[in-house]
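**Student:** The following block contains a protein sequence and its predicted model.
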Amino acid sequence: MTLISKAITGIGGLLLAHACYSAQEHSALQSFRATSTATLTSSSAVSTSLPIDIVLETIVSTFIILLGLVLGTRPLRPIEWRVWAGKIEREGEDGFKDRNGEVNKDYVGNPFGIFESRPNFVDIRKQRKEFAEWVKNGEGQQGR
């Protein structure tokens, strides 16, 4: 997580802690008030719902925490292997750097690189044709 996302998450945590403390104090005051009025009169028509400012503070602080957590996450990798392999082929290691310029720890290189180097998948006829064209163009005769 970056410093900004940590700071936003911390501020949201402090606001949420304050909202929880305010809700606890309101509950304690309401229960004290209910017991004191119950002894004076027999009617207990005391409202025990939380004030709107405590409810709003709780909701806003939760969204601030979520914002900080979302800002601190790494970019998601593609789900499909062909998209991921295409990104590796196009961008290489640079495509998997995070915001700090460091390569992600889950970068393993081209997942299909092993297939390109296996002799079973080498096209001998294509290589023979390329070699013949190379010799025909005189590039193979430069060393003589």
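**Tutor:** Perfect, thanks for sending it. Being a predicted model, the structure only gives us computed values, none of them experimental.

**Student:** I'd guessed residue 68 sits against residue 8; true?
**Tutor:** Yes: at 3.4 Å, residue 68 counts as touching residue 8 under the criterion of C-beta atoms under 8 Å. Using the backbone N, CA and C atoms, a C-beta is placed for each residue, glycine as well.

**Student:** what's the burial count for residue 19?
**Tutor:** Neighbour count for residue 19, taken as other C-beta atoms under 10 Å: 21.

**Student:** What of residue 22?
**Tutor:** Neighbour count for residue 22, taken as other C-beta under 10 Å: 16.

**Student:** For the residue nearest to it when sequence neighbours are not counted, give me its contacts.
**Tutor:** Spatial nearest neighbour of residue 22, chain neighbours left out: residue 54 (4.9 Å); criterion: C-beta to C-beta, 6 or more residues apart in numbering. Residue 54 is in contact with 19, 22, 23, 26, counting by C-beta atoms under 8 Å, 6 or more residues apart in numbering.

**Student:** If we use 10 Å, what do you get?
**Tutor:** 18, 19, 20, 21, 22, 23, 25, 26 (C-beta atoms under 10 Å, 6 or more residues apart in numbering).

**Student:** In TSV, list the residues you listed along with secondary structure and distance to residue 84.
**Tutor:** TSV is the format used below for these (DSSP: H, G, I helix; E, B strand; the rest coil; distance: C-beta to C-beta, whole Å):
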residue	secondary structure	distance to residue 84
18	helix	44
19	helix	42
20	helix	42
21	helix	47
22	helix	48
23	helix	46
25	helix	52
26	helix	52
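
**Student:** Go ahead and build a PyMOL selection from the buried members of those.
**Tutor:** The PyMOL selection below is limited to those of the contacts of residue 54 classed as buried (16 or more other C-beta atoms under 10 Å):
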select buried, resi 19+22+23
